[in-house]
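Asker: Next comes the sequence, and after it the predicted model I'd like to discuss.
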Amino acid sequence: MRNIFTLSLLICVLVIACCPNVSFAGNDPFPVGARTLSLGGAYSGVRGDFWSLFNNPAGISGMSHGEVGVYVERRFMLKELTYGSAGFAMPFKDIHAAGIEVGTFGFDSYRETRIGLNYAATIMDVVSLGAKVNYAILSIEGFGSTSAVYVDVGVNTQVSKTVSLGFSALNVNRAKLVTSGEVEDRIPTVLTAGVAYKPSDKVLLLVDVQKDIAHPVTFMGGVEYEFIDGFMARVGGSAKPRMISGGLGMNLKGIKFDFAATYHQQLGFTPHIGLSYNFGKGVKLANMPVLEDH
């Protein structure tokens with residue numbers, strides 16, 4: 001057991017050393033969802049979509065139905081770097097939406113867990129505001145466990161029937177996890193702004209600019225094309241770290257399945273799988289156009 005634990009930690013250290021700008025921990029604010037990752041991680045401009053629950057707190061505003069989903073990835077094909085999450089989001093009373101999500105990363109000897117509660121509302125018919133309170137737990141064999149509470153906020157505005165703008169700030173209270181008197185793990189604070197442009201019913205274009213306050217500015221973007229009703233092809237990428245991505249999506253009678261693969265030039269491939277289902281009676285939305293989910 002001790003050898004396995006040591007080897008697993010060594011793998012994590014090597015990943016950080018090879019690419020320090022790659023967030024790999026479950027409590028780090030990073031893109032979540034196979035659809036999201038297939039589009040290069042650009043998602044802050046999307047409105048009315050379930051996967052915004054994990055990416056921009058304001059984005060769940062505009063959902064027309066309740067939805068539940070799960071997501072899993074195995075980063076760089078390493079078992080020790082497996083991340084999984086599940087969530088539920090639902091609109092209510094026309095302009096409000098709420099959701100809950102949980103995520104876990106790691107293995108028995110090193111585990112990060114997060115629980116997030118999300119609320120969003122539409123005001124003045126054209127602006128959505130959202131906030132999420134997260135409870136993060138870090139457990140390391142031999143060191144014990146610690147926890148922290150951090151807050152994410154977001155804004156999304158529909159400027160036309162085809163364009164939506166978004167902004168999110170993750171960990172605005174600069175929370176950190178302290179494992180001992182000398183060792184600490186600060187949860188990154190990340191600012192992201194982006195645009196979603198839907199020139200037709202078949203095409204969605206996304207671009208984000210992101211700044212982790214501890215790292216340089218990076219750019220992310222992607223294109224989604226519905227080549228057959230209910231079937232989507234996607235491609236995307238990011239600048240820092242340099243990653244390319246692609247994937248496929250299916251939406252049949254409310255059941256949505258997404259698959260993505262990302263490639264890092266130093267660390268290799270990561271597969272991503274997402275599955276969700278929307279249900280319940282639809283709500284009447286506020287008088288504003290919506291970039292509807294796939």
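Answerer: Perfect, thanks for sending it.

Asker: residues of the strand or helix carrying residue 122 that come out buried?
Answerer: Element membership of residue 122, judged by DSSP states H and E, is strand 110-123. Buried residues in strand 110-123, defined by neighbour count with 16 or more other Cβ atoms under 10 Å: 110-114, 116, 118-122. (Glycine included, C-beta is placed from N, CA and C.)

Asker: Tell me the strands beside whatever helix or strand comes next after it, with direction?
Answerer: Counting by DSSP H and E, the next helix or strand C-terminal to strand 110-123 is strand 127-140. Looking at strand 127-140 with DSSP bridges, its partner strands are strand 110-123 (antiparallel), strand 144-158 (antiparallel).

Asker: so which of those comes closest to residue 103?
Answerer: For the strands paired with strand 127-140, proximity to residue 103 was assessed by Cβ to Cβ; strand 110-123 is nearest, at 4.7 Å.

Asker: mind checking how far that closest one is from the chain centre?
Answerer: On the basis of Cα atoms, centre = their mean, to the nearest Å, strand 110-123 sits 11 Å off its chain's mean C-alpha point.

Asker: Equivalent analysis for stretch 248-258, please.
Answerer: On the basis of Cα atoms, centre = their mean, stretch 248-258 sits 18 Å off its chain's mean C-alpha point.

Asker: In that stretch, which residues are buried?
Answerer: 248-249, 251, 256, 258.

Asker: now the residues you listed as JSON lines including pLDDT?
Answerer: Putting the buried residues of stretch 248-258 into JSON lines (pLDDT from 0 to 100) gives the following:
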{"residue": "248", "pLDDT": "97"}
{"residue": "249", "pLDDT": "96"}
{"residue": "251", "pLDDT": "92"}
{"residue": "256", "pLDDT": "95"}
{"residue": "258", "pLDDT": "97"}
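
Asker: Kindly reformat these as JSON lines and extend each row with secondary structure and distance to residue 230.
Answerer: What follows is those, written out as JSON lines (DSSP: H, G, I helix; E, B strand; the rest coil; distance: Cβ to Cβ, whole Å):
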{"residue": "248", "secondary structure": "strand", "distance to residue 230": "11"}
{"residue": "249", "secondary structure": "strand", "distance to residue 230": "9"}
{"residue": "251", "secondary structure": "strand", "distance to residue 230": "5"}
{"residue": "256", "secondary structure": "strand", "distance to residue 230": "9"}
{"residue": "258", "secondary structure": "strand", "distance to residue 230": "12"}
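
Asker: tell me which of these is nearest to residue 149?
Answerer: Among the buried residues of stretch 248-258, residue 258 lies closest to residue 149 (Cβ to Cβ), at 30.3 Å.

Asker: Let me see the contact set for the closest one.
Answerer: Contacts were defined as Cβ atoms under 8 Å, 6 or more residues apart in numbering; by that measure residue 258 touches 33-35, 38, 247-250, 272-275.

Asker: circling back to that earlier point, which of the buried residues of stretch 248-258 lies closest to residue 240?
Answerer: residue 258 (24.7 Å).

Asker: For that closest one, give its distance to residue 275.
Answerer: 8 Å (Cβ to Cβ, to the nearest Å).

Asker: same check, this time on residue 203
Answerer: Distance from residue 203 to residue 275, by Cβ to Cβ: 24 Å.

Asker: do residue 263 as well
Answerer: As for residue 263, its distance to residue 275 is 23 Å (criterion: Cβ to Cβ).

Asker: Nearest residue to residue 265 in space, please, no chain neighbours.
Answerer: Once flanking residues are discounted, residue 265 sits nearest to residue 242: 5.7 Å by Cβ to Cβ, 6 or more residues apart in numbering.

Asker: Can you report how many residues neighbour that neighbour?
Answerer: 14 (other Cβ atoms under 10 Å).
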